[in-house]
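Enquirer: everything below, folded, please.
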Amino acid sequence: MRERTGKTIDVRVLFIALWAGISLLKVAMAARLPLFVDEAFYWQESRHLSWAYSDLPGLTAWLIRLGDFMFGEGRLALRAPFLAIAAVLPWLVVRITAREFDLRHAWLAGIAALLLPLAGSLGLLALPDVPMALATLLCVDAGARLLRNVSDGAALLLGAGLAIGALSHYRFIAVIGVGFVVLLSMPAGRRALADPRVWIAIAFGAAAWTPLMAWNMENAEAGLRFQLVDRHPWAFHADGLLFLAIQGLLVTPPLFVALMAAASRRGWATDSRRYLAWLGGLVVLGFFVLGFFADTKRVSFHWPLPGYLALLPLLPAVLAGWSPWLRRLTWAVAGCGLVAVLGYFAAVSTPSLREQSAAMKWYPSNFAGWSVLAGVVREQRARMPEGTQIVAGNFKIGAELGFALGEPDIPVLDHPLNREHGRAPQLRLWGLQREHRFDRPTLLVVGATDVEYKNLLQRYHALCAQLGPLPKTRALNIDHGAQRYMLFEFDGKPAKAGAACITPAMAWIDAPVAGAQVGRAFEVTGWAFKDGVGLSGVEVLLDGKPVAKAEYGLENPGAATYWKISTDPQHPKVGFRARIDVGAFPPGRHWLGLRLHGRDGSVEDWREEPITIP
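Expert: Okay, here's the model as predicted:
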């Protein structure tokens, strides 16, 4: 790495400065970043300590509990062990590279570990990928050492890496399998595998899987079935082609090309360097192939990270053969990639920016609104009888409210999300899944945006079938309704026989469409209904303020045709129309919404959509 003047930059000093700066920045961001839903559930697991859980082995929960024990409760304390592990990872890359090449290459590889967006952002979230990355580098280091010479230290390092990986995640099996195949393919690897010390290390690592296997044996293989069968379609789909584009963006294009060049180069001079290339390349290639058959609903872009970590020690040697301008471009683009990823987390941590993104596809719903929801729940429960219990509509709400309120045992209703994320068996084991009507005062919190809108009415009817008639609803819109919750106050008394199923209101604005530019005067049309009782009126809101009372009760047979199960007695007269004069509202972006008045006296504000006024 050279400056334009030709003077050599002290890469050691640069690495240390970047490491210190990025580590401190991540600590500051981790203190502000709202809890991701998976983190909240891992926190809940940390309050029910066990060797294994339905979704993961136990290490992630243990680390969270350790953070709370050492630093007190809170987001930063919860994430502290993960930040510490993440801070160690670049130094491990430096150590491996220094042995394989020289110190200059080592510091450059460490800088790459800091700038690689998938690796450089590790630790901001308390996720199993962090200890799994540590386990990967320990095994990579041990494997490279074993190819040179079998020693007690290398075998001990291998055993530690295998054990940490086994306690981190099911996905670590990929690193184990590929690593074993690569060692078997090399004469030096086969000699290493013939040493008893290596097999003692392997046996130690295998034993670390015992808690997870025991949990599965005791629970009808629920975890294995979810990870290996239920969550994956196991049928070919073309979405795997997106892998290259997504990885290219997340790793940054020049760095991705360089890492793939390191994996495919045939001229590596030593067995240990070939081992790094084959291990890293095959892990990335394996996840690329898997992408054509595996789950596409949940996030999986981080799965190839262990492969990139194995390839990082080879990166400086590849870049050394590139022209100076291309090397500078690679480092610059990688730095920009890390800034973009950290910038995303900074934006997620800023309520005003989250609110502005409410109508966008990338709205961070899994980070947003939890503190607001917790405040409303506290306030509403305080007005209810003493001893009122909180029940959550799904595991996300239960875990996030549990963290915010310090109550890890909030009961949860059965919900498709619980099963889709592999959490339903664990909730049942904890005795937190509720399947019957409430026999005492209960505040039920349901996420209206946690199911597709086309399935929302069916979900409300399912709640009626399970819990009886629903009481009046308090609708809570966060970020203009991008996050929307329904709060129901049950008094715990038996329902009246034959009582109708009264659901929250449903609505849609047909015109203007979201994002449209309208005039200073424009017409709003759409439909709205409320099963069981119907609506008495609809108001149109602009930036939360009433601007018109809509003409309600217009013929709209399409609503009843689409919502076949709807029981609103006013069908098909559920359409509305209103003429809006924006008057003194300034030009620019505004939020158009509805206020729906039920015949039972309920009032619900519908979610808002953006429009532009000239």
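
Enquirer: CA atoms of the strand ranked longest in the chain as PDB?
Expert: In the chain, with assignment by DSSP state E, the single longest strand is strand 588-598. Extracted as PDB, the C-alpha positions of strand 588-598 are listed here (Å, rounded to 0.1, in the frame of the first residue of the first chain):
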ATOM      1  CA  GLY A 588     -43.800  18.600  -0.400                       C
ATOM      2  CA  ARG A 589     -44.300  15.100   1.000                       C
ATOM      3  CA  HIS A 590     -47.300  14.500   3.300                       C
ATOM      4  CA  TRP A 591     -49.000  11.400   4.700                       C
ATOM      5  CA  LEU A 592     -52.600  10.500   3.800                       C
ATOM      6  CA  GLY A 593     -54.500   8.400   6.200                       C
ATOM      7  CA  LEU A 594     -58.000   7.300   7.400                       C
ATOM      8  CA  ARG A 595     -59.900   7.400  10.700                       C
ATOM      9  CA  LEU A 596     -62.400   4.600  10.900                       C
ATOM     10  CA  HIS A 597     -65.400   4.900  13.200                       C
ATOM     11  CA  GLY A 598     -67.000   1.600  14.200                       C
END
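
Enquirer: got a list of contacts for that strand?
Expert: 480-481, 502, 505, 507, 509, 512, 524, 526, 528, 530, 533-544, 546, 550, 582, 603-613 (Cβ atoms under 8 Å, 6 or more residues apart in numbering). C-beta coordinates here come from the backbone N, C-alpha and C atoms, glycine included.

Enquirer: would you mind listing which of these are buried?
Expert: Buried by 16 or more other Cβ atoms under 10 Å: 480-481, 502, 505, 507, 509, 512, 524, 526, 528, 530, 533-542, 550, 582, 604-611, 613, out of the contacts of strand 588-598.

Enquirer: I'd like to know which elements the helix or strand hosting residue 203 is packed against.
Expert: Taking DSSP states H and E as the definition, residue 203 sits inside helix 196-207. Under the contact criterion of 3 or more Cβ pairs under 8 Å, 6 or more residues apart in numbering; DSSP states H and E, helix 196-207 touches helix 152-166.

Enquirer: partner strands of the longest strand of the chain, with direction?
Expert: Strand pairing for strand 588-598, using DSSP bridges, gives strand 535-542 (antiparallel), strand 603-605 (antiparallel), strand 609-613 (antiparallel).

Enquirer: surely residue 172 meets residue 132?
Expert: Yes - between residue 172 and residue 132 there is a contact at 5.5 Å, judged by Cβ atoms under 8 Å.

Enquirer: just the helices in the stretch 1-150 of the chain please.
Expert: 11-32, 37-46, 59-71, 75-100, 103-115, 117-120, 129-148 (DSSP state H, counting those that start in this stretch).

Enquirer: and those: which comes nearest residue 257?
Expert: The minimum distance between residue 257 and these falls on helix 103-115, with 13.3 Å, by Cβ to Cβ.

Enquirer: keeping just the C-alphas, turn the closest one into PDB.
Expert: C-alpha atoms of helix 103-115 as PDB (Å, rounded to 0.1, in the frame of the first residue of the first chain):
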ATOM      1  CA  LEU A 103       4.100  -9.300   8.300                       C
ATOM      2  CA  ARG A 104       3.200  -6.800   5.600                       C
ATOM      3  CA  HIS A 105       0.800  -9.300   4.000                       C
ATOM      4  CA  ALA A 106      -0.500 -10.000   7.500                       C
ATOM      5  CA  TRP A 107      -1.400  -6.400   8.300                       C
ATOM      6  CA  LEU A 108      -3.000  -6.000   4.900                       C
ATOM      7  CA  ALA A 109      -5.100  -9.100   5.500                       C
ATOM      8  CA  GLY A 110      -6.100  -7.700   8.800                       C
ATOM      9  CA  ILE A 111      -7.200  -4.500   7.200                       C
ATOM     10  CA  ALA A 112      -9.200  -6.500   4.700                       C
ATOM     11  CA  ALA A 113     -10.900  -8.300   7.700                       C
ATOM     12  CA  LEU A 114     -11.800  -4.900   9.100                       C
ATOM     13  CA  LEU A 115     -13.200  -3.500   5.800                       C
END
